[in-house]
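> For reference, the sequence and a predicted model appear below.
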Amino acid sequence: MAMAGWRFLLRRGRNYPAGMVAAIMATALWQGCAMAAPPAMLAHRAVYDLSLSAVNGGDVVTAEGKLTFVLFDMCSTWSMQQQLHLRTTGRGGAEAVSDSDYAVLEEKDGSSLIFRADQTENGSPAPRIAGEARMRPAGGSVHYTAPVAHDVALPADTLFPVAHTAAIIQAGLAGRGQISPYLFDGTVDSGALGTYVLLLGRQAPPVATSVAALSPLAAVRAHVAYYNTTTRDMAPMFETGMRYFANGVADRVELDFGQFRMAGTLREFRPLPVPDHCPGTGALPGRGAVVSPARPPA
């Protein structure tokens, strides 16, 4: 998962109202030339059941949800889609339902990212975040088309979501203990996020998992904290944890919303076909129409 990597990516600040969600992401980091070759990411569809794992004060007393992650291999690009449905209940019995729909088209060479992020809270839509980011060796820039047209500069070495996930896995397999990259995934309208990735260990195969196809692969456990680089706030905006396999698939997910935490277990997993040739336009062989955010957001 390219939480992004997943990096699979979930956006919920610790000071946001209960139930508010922006997007899920999977994340990873690329650092240093001494690492092993980057992992081969697997195109796949994964569905996770989310359940309440801890409450840290606040109003929420129950929570449940579903996360769907899809990664398409489109030859020179990755098409990634993530959808989150979350239902919470407060102490007074009030229910809140949040839905987020996040999609990107990411060039595999790290040069550009087309993105859009939509969210509804109890049926009321939040402003869309959309636009295109471009990276060059000296740095990059984002042109947002929504919610308001504006441009933001990106630091050098900023990673996009799928590359970020691949690098987390790469660092974990190489025995690194921590990494701290910039990430841009298009889920906030202020540019790049700072991330601190704590790598919690590598598991050699066979790995105990409910998905037999993943057991022969090495796995990496990671915890990721995300920071707003435009403020002096030392507390992370949000945090995630996951167990990634070497092919980029995560079978365990943890989402920290500040007031409460949720655990995700992999319920459905399906590898997706890889194109045997790369047409200039149209659907890829064996797939039918591929939904992607390549079309400019409405």
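Yep, it's here. Only a predicted model underlies this, so the values are computations on that prediction, with no experimental measurement involved.

> What separation do you get for L154 and G140?
Distance of L154 to G140, computed by CB to CB, to the nearest Å: 4 Å. C-beta coordinates here come from the backbone N, C-alpha and C atoms, glycine included.

> In contact with the residue located most distally from the centre of the chain, which residues?
Here the centre of the chain is the reference, and by CA atoms, centre = their mean the most remote residue is G92, at 32.4 Å. Counting by CB atoms under 8 Å, 6 or more residues apart in numbering, G92 makes contact with D59.

> Over to V148?
With contact taken as CB under 8 Å, 6+ apart, V148 is in contact with D189.

> Now it: which helix or strand?
In the assignment (DSSP states H and E), V148 maps to no helix and no strand.

> just so I have it, where are all the helices in the stretch 51-200 of the chain?
161-173 (DSSP state H, counting those that start in this stretch).

> What segments of it are strands?
Ranges of strands in the stretch 51-200 of the chain, per DSSP state E, counting those that start in this stretch, are 60-74, 77-90, 95-107, 112-121, 124-125, 129-136, 139-146, 150-154, 178-179, 182-183, 193-203.

> Out of those strands, which is the most enclosed?
strand 182-183 (a mean of 24; mean count of other CB atoms under 10 Å).

> contact partners of stretch 194-201?
27-29, 164, 168, 171-172, 176-183, 220-229, 236.

> in the stretch 151-298 of the chain, what spans have low per-residue confidence?
Residues of the stretch 151-298 of the chain meeting the criterion pLDDT under 70: 279-298.

> returning to that earlier point: so what sits against both of L154 and G140?
With CB under 8 Å, 6+ apart as the test, L154 and G140 both reach 133, 184.

> Okay, and H277 sits in which element?
For H277, there is no host helix or strand (DSSP H and E).

> Now do it: how many residues are near it, please.
Counted with other CB atoms under 10 Å, the neighbours of H277 add up to 7.

> Okay, it and C75: tell me how far apart.
For H277, the distance to C75 - CB to CB - is 8 Å.

> can you check A212 too?
On the measure of CB to CB, A212 and C75 end up 29 Å apart.

> More neighbours: which of the two?
Ranked by neighbour count (other CB under 10 Å), A212 and C75 place C75 first, with 13 against 8.

> Many thanks, we can stop here.
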